[in-house]
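Undergrad: Sharing a model that was predicted from the sequence below.
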Amino acid sequence: MRRQNAHIAILSILFLCYLSACKKQVDATKAPDKFIKVYPAIEHIEGGYVYPLSDGGFVVITVYIDWLQYGKPIIYRLDKAGNLISKKVVPTTLRMQYISCARDVDGNFILTSYNQRGIYKISQDAEILWRNEETQITNAVTSQPYIDAQGSYYYSYENKYGSVPDTPKGNFLVHINPNGSFAEKIKWQTQPKWNLTPSTFNLYKVDNTTGDKYFCGEANTSPSPGTISGSKIYLLKIAKNNNTSIVYFDATNSNYWGRLILWYTPIKDDGLLILARAIDYNSKWSIQLIKVDKNMNLVWNKYYQIGNNSSIGTGLNVLMDGSYLITGFIYSIGRTIPAAMKVDENGSKLWEHTYDGIADGYCNHACELLDGSLLITGSTSSYGFGKNQGDIFLIKTDKKGNL
């Protein structure tokens, strides 16, 4: 009887060991809750955008600058644990820098570049599906791409000096059809009574019913000319009949003299969030977040610092719970440190984090996964290849930004 009980006990232990091994095998296929990954670059990397894939993995698109200063988009395909599966360069000879990216309903990437007049549709396999571009010009500033409800594409740009004969000085909005063909280009000049120097008008909404178009930008009316662009944030509406109206913000704030828009995103009820950086008279940077309603009325205007450091926000997301995620960096003791912060719909700060494992880096873009965890990407020079070399990184945190 004792021998039989001993056999049963041994079998029970073996069975439990088997179950434990099975559980570990299942857990091995589960995506890790948190991680930090760095992907060394061949050339200098700038920024980056991250998006989830249907297979549970992720894709990061960024641009690298080679020794000839030609910027080429590059796509990193990653598994759900953040491991690199493939890295593909988009074949192009454009001098792209500081790309802006949107994603269409088919998962393709829509790119514009800070110094390139054009818009590009690129597949997840790094193929150029179509491109619509004009002659490259010096001193052109191009906005983020915009996709309207009909599937048309837009980008706006400013030609500061009229250096190309076919494009005089002024501001332009380019409309591209859903198939990538050119639709129209609209030009306008800022009126002298606005007291604005030429500044990029960033399209953030098209009303397909009325034809009205809405823009945001910053006005270069700083009390210290030449030191920073923009002391006032403004919104601009151009009606279908070309009647124009403009709204200023922050004209009376005496604590900050410089402002520069870094990101903007539409929110529910046709409102808008504007992320800017503001500098005070002690040369300390703050994150500025402005919320406006659909009629361009100011809802609130807030300033933040992370850990009482000079802080700059470079990315902005609206999360599933209606709150807002700001990603960027702080400047502390001679180095930049990636950082993130979450605020509620009223602009009250909920949490903040810095990611000290990455020095001399900044967060550029983030996305929220279905379980509420966060993916944050950006570039850094703290790993492997020297001070002037930027590498791409990816951070996965829990829903509260903890790593």
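TA: Yep, it's here.

Undergrad: quick one: contacts for residue 355?
TA: 36, 337, 338, 339, 340, 363, 395, 403 (Cβ atoms under 8 Å, 6 or more residues apart in numbering). For every residue, glycine as well, the C-beta is placed using N, CA and C.

Undergrad: Same question for residue 236.
TA: With Cβ under 8 Å, 6+ apart, residue 236 has these contacts: 201, 214, 215, 216, 217, 244, 245, 246, 247.

Undergrad: Can I get the buried part of the residues you listed as one ChimeraX selection?
TA: In ChimeraX syntax, the buried subset of those is picked out as below (16 or more other Cβ atoms under 10 Å):
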select :201,214,215,216,217,246
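
Undergrad: how about JSON lines for the contacts of residue 236, with distance to residue 113 added?
TA: Listed next are the contacts of residue 236 as JSON lines, based on distance: Cβ to Cβ, whole Å:
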{"residue": "201", "distance to residue 113": "17"}
{"residue": "214", "distance to residue 113": "23"}
{"residue": "215", "distance to residue 113": "19"}
{"residue": "216", "distance to residue 113": "19"}
{"residue": "217", "distance to residue 113": "18"}
{"residue": "244", "distance to residue 113": "27"}
{"residue": "245", "distance to residue 113": "30"}
{"residue": "246", "distance to residue 113": "27"}
{"residue": "247", "distance to residue 113": "29"}
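
Undergrad: On the strand side of things, show who residue 341 bridges to.
TA: Judged by DSSP bridges, the bridge partners of residue 341 are residue 326, residue 352.

Undergrad: next one: residue 186
TA: Using DSSP bridges, the beta-bridge partners of residue 186 come out as residue 173.

Undergrad: Report the contact partners of it.
TA: Counted by Cβ under 8 Å, 6+ apart, residue 186 has contacts 172, 173, 175, 238.

Undergrad: let's see it at 10 Å
TA: Contacts for residue 186 (Cβ atoms under 10 Å, 6 or more residues apart in numbering) come out as 154, 156, 171, 172, 173, 174, 175, 213, 238, 242.

Undergrad: From residue 111, how far out is it?
TA: 21 Å (Cβ to Cβ, to the nearest Å).

Undergrad: again, but for residue 315
TA: The value you get for residue 315 to residue 111, if Cβ to Cβ is used, is 16 Å.

Undergrad: any idea how the protein splits into domains?
TA: As given by automatic domain parsing, the domain ranges for the chain are 1-30, 35-397.

Undergrad: most tightly surrounded among the ones you listed?
TA: Burial of those is given as mean neighbour count (mean count of other Cβ atoms under 10 Å); domain 35-397 ranks first at a mean of 18.

Undergrad: Can you give the distance from it to the centre of its chain?
TA: Here domain 35-397 is found 5 Å from its chain centre; the criterion is Cα atoms, centre = their mean, to the nearest Å.

Undergrad: What mean pLDDT does it get?
TA: Mean per-residue pLDDT for domain 35-397: 82.

Undergrad: And it, end to end?
TA: Counting by Cα to Cα, to the nearest Å, you get 7 Å between the two ends of domain 35-397.
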